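1. I'll drop the sequence and a predicted model, then ask my questions.
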Amino acid sequence: MGTTIFLDESYDQPNQSFTILGALFSESGSPLHAELRRAKCKHGFSKPDGSLGELKYNECIDRRCLRTARDAVDAFLGDDQSRFACIVVEKRLLDRRRFGKSHEPDKIIDARIYKKFAELLLKQHMAKTEGAVLLADSMTRCHGDRFLELLKELFGTSGDHYSAGRTAPLIKHVQEVHSHLEPYQVLQICDLFCGCVLNENLPAANPRSGKNRIRQYLCRQLGVADLSRRRWLPRVGVPWATKEKFDVWYWQPST
């Protein structure tokens, strides 16, 4: 079946000081879906009707959720068929004038910004990928525009754009899905990781909050001190193997 790319976003409300776009790459044969399902069953992470609950960073507030999230981290790190990468965009570094005219609505400019950084993220991490399926969580800021169509044009045309010189496209299928549905639950792990990177930059006020604790657990399991700009931007002190498995790209404008 090849590679499935799960694409998600995270940002702080209402200021949107940070936008994180994350992509979880899962190869054919990855046990990640089954392992996440097993973790939910193990910890009773279910709804009143008996169906499995949705693991979300923003709702990681109780022990059951935290234990399930920890098992999800371990499942990911134990799976040699999956990897994660994200791009962090800070509002203070972004010149919105480059993405539209002053008279245009903010939502139009936001959509252009989102598309551009999704493109950058995928381009950076698809050198060894071909014929992938991209599943994007229902995007709040790009719903109803040409976001998915643009990605399909850029990555889904054999011999053109980012598939230039290739007989097969980098991405053969693009689809918007809902992460709460069981077939697409791996998106929930992508959401969790994006949330952890956001939490590194905007930690919860309570040091013992579930959000802080799952981010700290992820760092321990990765073997890194933190997910901050100072550590990941210069790539100092982050082993190459870690960056291959879990990569945080702090974007900064070129000179």
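-> Noted; the coordinates are in hand.

2. what about Glu90, how many residues nearby?
-> By other CB atoms under 10 Å, the residues close to Glu90 number 14. C-betas here are computed from N, CA, C, even on glycine.

3. go on, the one 4 residues further on?
-> Leu94 has 15 neighbours, counted by other CB under 10 Å.

4. shaky segments in this structure?
-> Within the chain, the ranges that satisfy pLDDT under 70 run 1, 139-145, 234-236, 255.

5. got the residue ranges for the helices in it?
-> Using DSSP state H, the helices of the chain run over 32-42, 63-77, 106-124, 147-155, 186-201, 210-222, 229-232, 240-245.

6. between those helices, which one is closest to Arg96.
-> Smallest distance to Arg96 across the helices of the chain (CB to CB): 5.7 Å, for helix 106-124.

7. next, the angle from that closest one to helix 147-155.
-> Helix 106-124 runs at 30 degrees relative to helix 147-155, counting by axes from the mean of the first three to the mean of the last three CA atoms, to 10 degrees.

8. for helix 106-124, packing partners?
-> On a contact count with 3 or more CB pairs under 8 Å, 6 or more residues apart in numbering; DSSP states H and E, helix 106-124 meets strand 3-11, strand 18-27, strand 82-90, helix 147-155.

9. C-alpha coordinates for the first one, CSV please?
-> Looking back up the chat, that one is strand 3-11. C-alpha atoms of strand 3-11 as CSV (Å, rounded to 0.1, in the frame of the first residue of the first chain):
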residue,chain,number,x,y,z
THR,A,3,3.1,5.4,2.6
THR,A,4,0.2,7.2,4.3
ILE,A,5,0.8,10.7,5.4
PHE,A,6,-1.3,12.1,8.2
LEU,A,7,-1.4,15.9,8.1
ASP,A,8,-2.6,18.0,11.0
GLU,A,9,-2.3,21.5,12.6
SER,A,10,-2.1,23.1,16.0
TYR,A,11,-2.2,26.7,17.1
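
10. what strands line up against it, and which way round?
-> Here strand 3-11 is paired, per DSSP bridges, with strand 18-27 (antiparallel), strand 132-137 (parallel).

11. ok so, going back, could I get the helices of the chain as JSON lines with distance to Pro169 and mean neighbour count?
-> Converted to JSON lines, those look like this (distance: least, CB to CB, whole Å; neighbours: other CB atoms under 10 Å):
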{"stretch": "helix 32-42", "distance to Pro169": "24", "mean neighbour count": "17"}
{"stretch": "helix 63-77", "distance to Pro169": "27", "mean neighbour count": "19"}
{"stretch": "helix 106-124", "distance to Pro169": "12", "mean neighbour count": "17"}
{"stretch": "helix 147-155", "distance to Pro169": "6", "mean neighbour count": "18"}
{"stretch": "helix 186-201", "distance to Pro169": "22", "mean neighbour count": "25"}
{"stretch": "helix 210-222", "distance to Pro169": "32", "mean neighbour count": "19"}
{"stretch": "helix 229-232", "distance to Pro169": "30", "mean neighbour count": "16"}
{"stretch": "helix 240-245", "distance to Pro169": "24", "mean neighbour count": "13"}
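
12. got the ones you listed as JSON lines, with distance to Lys56 columns?
-> What follows is these, written out as JSON lines (distance: least, CB to CB, whole Å):
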{"stretch": "helix 32-42", "distance to Lys56": "13"}
{"stretch": "helix 63-77", "distance to Lys56": "8"}
{"stretch": "helix 106-124", "distance to Lys56": "20"}
{"stretch": "helix 147-155", "distance to Lys56": "22"}
{"stretch": "helix 186-201", "distance to Lys56": "6"}
{"stretch": "helix 210-222", "distance to Lys56": "11"}
{"stretch": "helix 229-232", "distance to Lys56": "24"}
{"stretch": "helix 240-245", "distance to Lys56": "23"}
